[in-house]
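# 3D model of this:
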Amino acid sequence: MTARSGRDSRRDVTSDSGSGVTANSDFFRILVENISDVVSVSKRDGTISWVSPSVVSLLGYSADEIVGQPLINYMVAEDIPTLSANYENTLRGDTVHFEVRLIQRDQSTRWIALAAHWVDIPGDDGVRIATW
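Numbers count the residues shown, from 1 in each chain. The predicted structure follows:
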C-alpha cells in the first residue's frame, strides 16, 4: 500500500454561491448519481454524510445503509491505520491517494483505491470528499 500526497489542495467554495450553483445543481446531481465511481462526503469525525448510489455495486450495501457510518466499519482491521494516517493528511490540506481493503456485504474483501481531499464549506466544519 502506498500513499501519495500533494500540498494544500483544500477547496474554498465561498465564491460558488449564486444562481450558477442552482442552475448547475440538477446537472451535478444527475452526474454524481449515475457515475460508476463511488464518491463520498465525510465529516471531520469520519462519519459518511453522503455517498453515491454506485456504492451498492462495489460493496453490496445501499447508500442509505452507509450514510451515518464511519468508513472504518467496512474496513479490514489491519488497514485502519492507513486510513487514519491519510485522513490526518487531508486535514492538513493534502490530496491523498491510497489503497485499503473493504468488507463487502457477503463478507468477502475487496481492495479499493481512494483519492481524498478536504473542502472548506462556509458555515460548516468542512468535509472530506473522496472517490473510490
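
# would you map the strands across this protein?
4-6, 11-12, 39-42, 48-51, 95-103, 109-120, 127-131 (DSSP state E).

# for residue 63, which of those is the nearest?
Nearest to residue 63 among the strands of the chain is strand 48-51 (4.9 Å), distances taken as C-beta to C-beta. Bear in mind the C-beta positions are built from the backbone N, C-alpha and C, glycine included.

# show me what that closest one pairs with in its sheet, parallel or antiparallel.
Applying DSSP bridges, strand 48-51 is found paired with strand 39-42 (antiparallel).

# tell me how many other residues crowd residue 95.
Neighbourhood size, residue 95 [other C-beta atoms under 10 Å]: 18.

# next one: it from residue 46, what distance?
Here residue 95 is placed at a distance of 18 Å from residue 46 (C-beta to C-beta, to the nearest Å).

# coming back round to it: redo the strands of the chain as a markdown table? Include distance to residue 68 and mean pLDDT.
Converted to a markdown table, these look like this (distance: least, C-beta to C-beta, whole Å; pLDDT from 0 to 100):
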| stretch | distance to residue 68 | mean pLDDT |
| --- | --- | --- |
| strand 4-6 | 28 | 47 |
| strand 11-12 | 24 | 48 |
| strand 39-42 | 11 | 90 |
| strand 48-51 | 7 | 92 |
| strand 95-103 | 17 | 95 |
| strand 109-120 | 19 | 92 |
| strand 127-131 | 14 | 79 |
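
# dump the ones you listed to a markdown table, plus distance to residue 78.
Formatted as a markdown table, the strands of the chain follow (distance: least, C-beta to C-beta, whole Å):
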| stretch | distance to residue 78 |
| --- | --- |
| strand 4-6 | 21 |
| strand 11-12 | 32 |
| strand 39-42 | 21 |
| strand 48-51 | 21 |
| strand 95-103 | 8 |
| strand 109-120 | 11 |
| strand 127-131 | 20 |
